[in-house]
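> Can you look at this prediction? I've put the sequence above it.
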Amino acid sequence: PPMPGVFSTIREADKKHVYQSNEFLSRSLRDGKFTLVIAAYLQKLSAGGMKVPPCQDLPEQAKYTGPIDDNVLVLVVSYCWASKAHPDPDGKILKELCELIEYLEASRHYKDWNDEVNGIGDKKIVVFLDYMSLPQKTAQSGITLLQMHAFNVGLMQCVNVLYASTCTMTILCTKSHEHCLDTRAAYLESGWPMFECLISMLIKDSDMVIDLPRALEWIREKWTRPDHPIDQSNQSLYFLREDNRRATRRPPVHPNEFSKRVKTYTFTNNSDSDFVDGKYRTTYGDIVGFTKKVDYSDIPLALGDDWKLFFHQVLRDCNFLVEVNLSQNENIEGATLEPFAEAAAGTLEWLCLKNCPGFEGSLEPLRSCRKLKDLYLAGCVQLEGTVEPLAALPGLLRVDLECCFGLTGDLAPLCGLKKLEVLNLSLIHI
């Protein structure tokens, strides 16, 4: 491949699109900054009981060279190396990965009740696995200066984007440490795996982060390789993702919090700690400041302290938010609507906090959210005061305040909202 450009950095591209489109990754793949492996090649290796080869020994027919677009599903694997010499000498991680790939392949055209595809459709599956995707020093064939340069460029410019991108699916091998030849830190205590895990939680949709052990448990229990459409619908990727999301997703972690945590993580090379800390801070800054959509609905793994850090640190950095969905999170405690107004008063159009009983205070902070069109607060039972602040929002189309028992007053202030189409005030004292 051509020598990757050392001066071509992520800052040359539009940061709004680097993590939310395929363009940057597709261009980087074309420029030889990393390698993607065709899933069928991995399945062939696993079936033959063979180990994965290092990047520089990968046969040409195993490499994906086409564009990264909507016809491709990129699986980005996060795991613990079993040894310094080889990450998976017994092929155990490969076997588990191929079990997931087999399900994705077989269920790709499963449909839901509306006859819409619930699988990956006709997407071609390709894989980023660091040992095969970046040149390795431990390869028996050795490593050239050009390959060493390619490794550094891929590490510096592309790895964080691969894991954080909304266009890739991150596979978290959270029990991969159990396959290690020697005693080592668990996945959740390991520096690089936790970096990969947490940047995957920054902006990626919750159904694009898969905990592999949890997914395999679901597949082995639920999937019967059905032929009947109803059974296929009930065993589709949608339900695997729903089960997985509730067991894995957490709100994003602020760089200051990550800096505290990274000191407790284990690194094979201790000097990596500072690099990972800085890389997380840079990635967070590139993503959060430009994100327009936040969807962390129904993630019971997030506890009260997680949400406090999110509201007090992360949300205030999201200055271009248009859509926010935090519904169905009963662990949110002592929160107000003020952080939404402070972060995105000039951009917020859609806010859904349904069935989040921990929100307190009044609707007053929303007065400054002049672009708000849709407001869903049903089940926010501790909100109080009047609905008068909503009268300052001329673009309101739909408002749901069902079961907001603490709201009082009358509706007269809302009579001037000429665009209002839906107003649900069921079970409140107005």
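Good, I have the coordinates. Nothing here was measured: the structure is a model prediction, and the numbers come from that model. Numbering: from 1, shown residues only.
> Do a quick rundown of the helices in the stretch 1-150 of the chain.
With DSSP state H, counting those that start in this stretch as the criterion, the stretch 1-150 of the chain has helices at 15-18, 23-30, 39-47, 92-106, 130-133, 145-153.
> For Ile203, find the nearest of those helices.
Evaluated with CB to CB, those place helix 15-18 nearest to Ile203, the distance being 10.9 Å. C-beta: built from backbone N, CA, C; applies to glycine.
> what distance separates the longest helix belonging to the chain from the centre of its chain?
Among the segments of the chain that qualify as a helix by DSSP state H, the longest is helix 272-288. For helix 272-288, the separation from the chain centroid amounts to 16 Å (computed by CA atoms, centre = their mean, to the nearest Å).
> Reformat the helices of the stretch 1-150 of the chain as TSV; add mean neighbour count, mean pLDDT and distance to Ala85.
Shown next, in TSV, are those (neighbours: other CB atoms under 10 Å; pLDDT from 0 to 100; distance: least, CB to CB, whole Å):
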stretch	mean neighbour count	mean pLDDT	distance to Ala85
helix 15-18	16	72	34
helix 23-30	20	93	27
helix 39-47	18	97	18
helix 92-106	19	97	15
helix 130-133	24	96	11
helix 145-153	16	86	17
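> looking at those, which is closest to Pro357?
Among the helices of the stretch 1-150 of the chain, helix 15-18 sits nearest to Pro357 (CB to CB), with 34.8 Å.
> From Asp88, how far out is Phe151?
When distance is defined by CB to CB, to the nearest Å, Phe151 is 19 Å away from Asp88.
> same question but for Thr138, I mixed them up
Thr138 is 13 Å from Asp88, where distance means CB to CB.
> Could you do Asn22 as well?
Applying CB to CB, the value for Asn22 to Asp88 is 28 Å.
> low-scoring stretches of this protein, by residue?
Along the chain, the model assigns pLDDT under 70 to residues 1-16, 430.
> buried stuff in the strand ranked longest in it?
Ranked by residue count under DSSP state E, the longest strand found in the chain is strand 72-78. Judged by neighbour count using 16 or more other CB atoms under 10 Å, the buried positions of strand 72-78 are Val72, Leu73, Val74, Leu75, Val76, Val77, Ser78.
> which secondary structure elements does it contact?
Applying 3 or more CB pairs under 8 Å, 6 or more residues apart in numbering; DSSP states H and E, one finds that strand 72-78 makes contact with helix 92-106, strand 124-128, helix 159-164, strand 168-172, helix 191-200.
> what's the spacing between it and its chain's center?
Put simply, strand 72-78 sits 12 Å off its chain's centre (CA atoms, centre = their mean).
> List the neighbouring strands of that strand plus their orientation.
Its sheet considered, strand 72-78 pairs with strand 124-128 (parallel), strand 168-172 (parallel) by DSSP bridges.
> OK, contacts around Val159?
Val159 is in contact with Phe34, Asp130, Leu134, counting by CB atoms under 8 Å, 6 or more residues apart in numbering.
> Including mean neighbour count and distance to Leu45, could the strands paired with strand 72-78 go into a markdown table?
A markdown table is the format used below for the strands paired with strand 72-78 (neighbours: other CB atoms under 10 Å; distance: least, CB to CB, whole Å):
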| stretch | mean neighbour count | distance to Leu45 |
| --- | --- | --- |
| strand 124-128 | 23 | 11 |
| strand 168-172 | 25 | 17 |
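> re the thing from before, just the buried residues of strand 72-78 now: which is nearest Asp305?
Ser78 (24.1 Å).
> So for that closest one, what's the nearest residue that isn't a sequence neighbour?
Using CB to CB, 6 or more residues apart in numbering and skipping the chain neighbours, the partner closest in space to Ser78 is Glu196 (3.9 Å).
> same thing with Leu337?
Per CB to CB, 6+ apart, closest to Leu337 is Pro365, 4.3 Å.
> just Gln147 next, same as before
Pro135 (3.7 Å).
> For that neighbour, give me its contacts.
Pro54, Cys55, Gln56, Ile143, Gln147, Met148, Ala150, Phe151.
> Can you tell me how far it is from Asn152?
Counting by CB to CB, the gap from Pro135 to Asn152 is 10 Å.
> what's the answer for Ser78, then?
Remark: distance between Ser78 and Asn152 (CB to CB) = 20 Å.
> Val294 now?
Where Asn152 is concerned, Val294 sits at a distance of 33 Å (CB to CB).
> Ok, Pro413 next?
Counting by CB to CB, the gap from Pro413 to Asn152 is 61 Å.
> next one: Leu36
Between Leu36 and Asn152 the computed distance is 19 Å (CB to CB).
> Then Ala345?
Ala345 is 42 Å from Asn152, by CB to CB.
> Now the residue nearest the centre of the chain: closest residue in space that isn't a chain neighbour?
Ranked by distance to the mean C-alpha position of the chain (CA atoms, centre = their mean), the top residue is Lys204 at 3.0 Å. Closest residue to Lys204 apart from its sequence neighbours, by CB to CB, 6+ apart: Thr166 at 5.3 Å.
> check contacts around the residue lying closest to Gln61 once chain neighbours are set aside.
Nearest residue to Gln61, sequence neighbours excluded (CB to CB, 6+ apart): Tyr41, at 7.3 Å. Neighbouring residues of Tyr41 by CB under 8 Å, 6+ apart: Pro59, Gln61, Ala62.
> now do Ala139
Contacts of Ala139 (CB under 8 Å, 6+ apart): Pro54, Cys55, Gln56, Asp57.
> Got phi/psi on it?
Main-chain dihedrals, Ala139, degrees, to the nearest 10: phi -60, psi 140.
> Next one: it from Leu36, what distance?
Distance of Ala139 to Leu36, computed by CB to CB: 18 Å.
> Please settle this for me: is Val399 part of a strand?
Yes: the assignment for Val399 is a strand, going by DSSP: H, G, I helix; E, B strand; the rest coil.
> Neighbours of it, how many?
Val399: 23 surrounding residues under other CB atoms under 10 Å.
> again with His312
12.
> repeat for the one 10 residues further on
Number of residues near Val322 (other CB under 10 Å) recorded here: 15.
> wait, it sits on Val294?
No: using CB atoms under 8 Å as the test, Val322 is too far from Val294 to be in contact (9.4 Å).
> Many thanks, I have nothing further to ask.
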